[in-house]
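Engineer: what's the 3D shape of this:
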Amino acid sequence: MFKRLVLPFLIFLLIVIIVLTWKIMGPNTAFKGEKYYLYVKTGSNFENLMQTLTKDSVINDPGIFTFVAKKMNLPRTIKAGRYEIKRGTGIMSIVQMLRHGRQSPVNLVITKLRTKEDFARLAGRQLECDSTAVISYLNNMDALEDKGLDTSNVMTAIIPNTYTFFWNTTAAKLFNRLYNEEKKFWKEERLQKARALGLTPQQVYILASVIEEETNKYDEMPLMASVYINRLNKGMPLGADPTVKFATRNFAAKRVTLKMIGQSAGSPYNTYRNAGLPPGPICTPSIKTIDATLNAATTNYLYFCAKPDFSGYHAFAVTHAEHFKNARAYQKALNRLKIK
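Structural biologist: Below is the predicted model of the structure:
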């Protein structure tokens with residue numbers, strides 16, 4: 001009688017073990033997509049984690065997940081981060097990933113940004129640190145001073161590129177990484193070219209930001225750089241329209257008017273009223289634009305004006321009379337098309 005009861009019990013026990021093993025080791029995700037990104041905020045506890053997993057229907061068996069997690073001491077070792085859970089992943093794999101902090105990194109793609117606020121919003125959308133924390137750091141003189149930066153030129157430390165970060169990177173670590181990458185960017189060859197122009201790396205960056213906003217024609221950027229460098233060397237105002245747009249924050253303006261120049265008269269970014277470079281960049285110029293600026297042509301040009309054919313190219317001039325003629329032709333073209 002005893003032997004007849006033992007065999008069914010052993011079979012039942014074996015089935016239970018197989019089922020539990022399958023639930024722990026086998027596929028146990030409940031979401032429909034190919035992957036799910038789990039965000040564990042800094043300071044989160046196990047209860048917060050379970051609320052997220054349950055709310056988003058990430059796993060099929062929250063009870064078994066809790067059992068396995070506690071056996072593996074996850075509640076005491078949970079780490080903040082962004083975790084990629086692929087469809088069909090087992091509970092054991094998920095727990096081990098969370099326990100060891102095996103995050104899925106974030107690619108922060110930085111292209112042309114105009115303001116610190118733009119950068120803060122970009123970082124805040126992709127990283128745990130929100131835009132307020134990023135702006136606070138960029139405006140913190142105590143944090144910037146030992147890097148030779150201030151709140152005006154801080155954006156010169158940001159070279160547009162693709163950078164990989166962990167999602168829970170703090171604002172300070174984010175900027176320190178970008179600052180270190182900027183130092184690597186300025187290799188000796190680039191530094192020598194900057195010195196030959198009589199400019200510091202920061203000044204090259206600021207000048208490149210103006211050129212970036214003036215044209216998207218890389219083949220004429222060295223000519224444009226020569227105009228601005230010639231003006232700097234003669235002590236002339238740059239007279240750059242994009243700096244007025246930046247000063248007024250009117251980036252959509254099709255043409256810069258005398259009214260806009262007057263409205264921004266008190267701004268250090270108004271390069272019609274102030275000689276020299278503005279105190280900081282007016283955008284984050286591309287690497288290609290920075291290199292084009294470093295390779296400025298040697299010319300006598302002091303002026304340039306957009307061509308009236310609206311090709312995007314510019315007419316360059318040595319004398320004011322020649323420039324006035326070019327400017328009148330362009331203004332007539334604008335008026336003809338009723339562009340204000």
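
Engineer: Spatially, what comes nearest to the most centrally placed residue in the chain if we skip its sequence neighbours?
Structural biologist: The centroid of the chain falls nearest to I110 when counting by C-alpha atoms, centre = their mean (3.4 Å). Leaving out its chain neighbours, the residue that sits closest to I110 by C-beta to C-beta, 6 or more residues apart in numbering is P160, at 4.8 Å. Where you see a C-beta, it was placed from the backbone N, CA and C, and this is true even at glycine.

Engineer: how does the chain divide into domains?
Structural biologist: 20-100, 106-185, 188-301 (automatic domain parsing).

Engineer: Quick check: phi and psi on V106?
Structural biologist: Torsion angles at V106 (phi, psi; degrees, to the nearest 10) stand at phi -110, psi 130.

Engineer: Could you give the bridge partners of it?
Structural biologist: Counting by DSSP bridges, V106 is bridged to F165.

Engineer: Distance check, it against G88.
Structural biologist: 24 Å (C-beta to C-beta, to the nearest Å).

Engineer: same thing with A317?
Structural biologist: 67 Å.

Engineer: of the two, who's got more company?
Structural biologist: Applying other C-beta atoms under 10 Å to A317 and G88 shows that A317 carries more neighbours, namely 20 against 11.

Engineer: quick one: pLDDT of that one?
Structural biologist: On pLDDT, A317 comes in at 96.

Engineer: Backbone torsions only: list them for it.
Structural biologist: phi -140, psi 150.

Engineer: That one against L302, yeah?
Structural biologist: Yes. Between A317 and L302 there is a contact under C-beta atoms under 8 Å: 7.2 Å.

Engineer: What count of nearby residues applies to G266?
Structural biologist: Residues near G266, counting by other C-beta under 10 Å: 10.

Engineer: now T215
Structural biologist: Quick note: T215 (other C-beta under 10 Å) scores 20 neighbours.

Engineer: Could you do L127 as well?
Structural biologist: Residues near L127, counting by other C-beta under 10 Å, number 23.

Engineer: could you measure it against A157, distance?
Structural biologist: Distance from L127 to A157, counting by C-beta to C-beta: 17 Å.

Engineer: do K245 as well
Structural biologist: In this view, K245 and A157 are 23 Å apart by C-beta to C-beta.

Engineer: Name the SS class of L108, please.
Structural biologist: Here L108 is recorded as strand under DSSP: H, G, I helix; E, B strand; the rest coil.

Engineer: pretty sure it is touching T162, no?
Structural biologist: Yes. Applying C-beta under 8 Å as the test, L108 and T162 come out as touching, 7.2 Å apart.

Engineer: And the helices in the stretch 51-200 of the chain?
Structural biologist: For the stretch 51-200 of the chain, applying DSSP state H, counting those that start in this stretch gives helices covering 62-71, 74-77, 91-100, 116-126, 131-138, 141-145, 171-185, 188-197.

Engineer: Quick check: which of those is nearest to V210?
Structural biologist: With respect to V210, and counting by C-beta to C-beta, the nearest of the helices of the stretch 51-200 of the chain is helix 188-197 at 14.3 Å.

Engineer: Could you list every helix and strand in contact with the closest one?
Structural biologist: Packing partners of helix 188-197 (3 or more C-beta pairs under 8 Å, 6 or more residues apart in numbering; DSSP states H and E): helix 201-214, helix 287-294.

Engineer: Tell me the helix or strand right after the first one.
Structural biologist: If you walk from helix 201-214 toward the C-terminus, the next helix or strand you reach (DSSP states H and E) is helix 221-234.

Engineer: Equivalent analysis for the shortest one, please.
Structural biologist: On the C-terminal side of helix 287-294, the closest following helix or strand by DSSP H and E is strand 303-306.

Engineer: Would you mind listing the residues in contact with the closest residue to C129 other than its chain neighbours?
Structural biologist: Leaving aside its sequence neighbours, C129 sits nearest to A171 (C-beta to C-beta, 6+ apart; 4.5 Å). For A171, the contact set (C-beta atoms under 8 Å, 6 or more residues apart in numbering) comprises A123, C129, A133, V134, S136, Y137.

Engineer: Closest one of those to A69?
Structural biologist: C129 (27.3 Å).

Engineer: okay but that closest one is in contact with T169, surely?
Structural biologist: Yes. Counting by C-beta under 8 Å, C129 does reach T169; the two are 6.9 Å apart.

Engineer: that older thread, between A317 and L302, what contacts are shared?
Structural biologist: H323.

Engineer: Where does pLDDT dip in this protein?
Structural biologist: 1-27, 338, 340 (pLDDT under 70).

Engineer: If we use 80, what do you get?
Structural biologist: 1-28, 255, 337-340 (pLDDT under 80).

Engineer: What's the local residue count around K332?
Structural biologist: Neighbour count of K332, defined by other C-beta under 10 Å: 11.

Engineer: you'd agree it is in a helix?
Structural biologist: Yes. Counting by three-state DSSP, K332 falls inside a helix.
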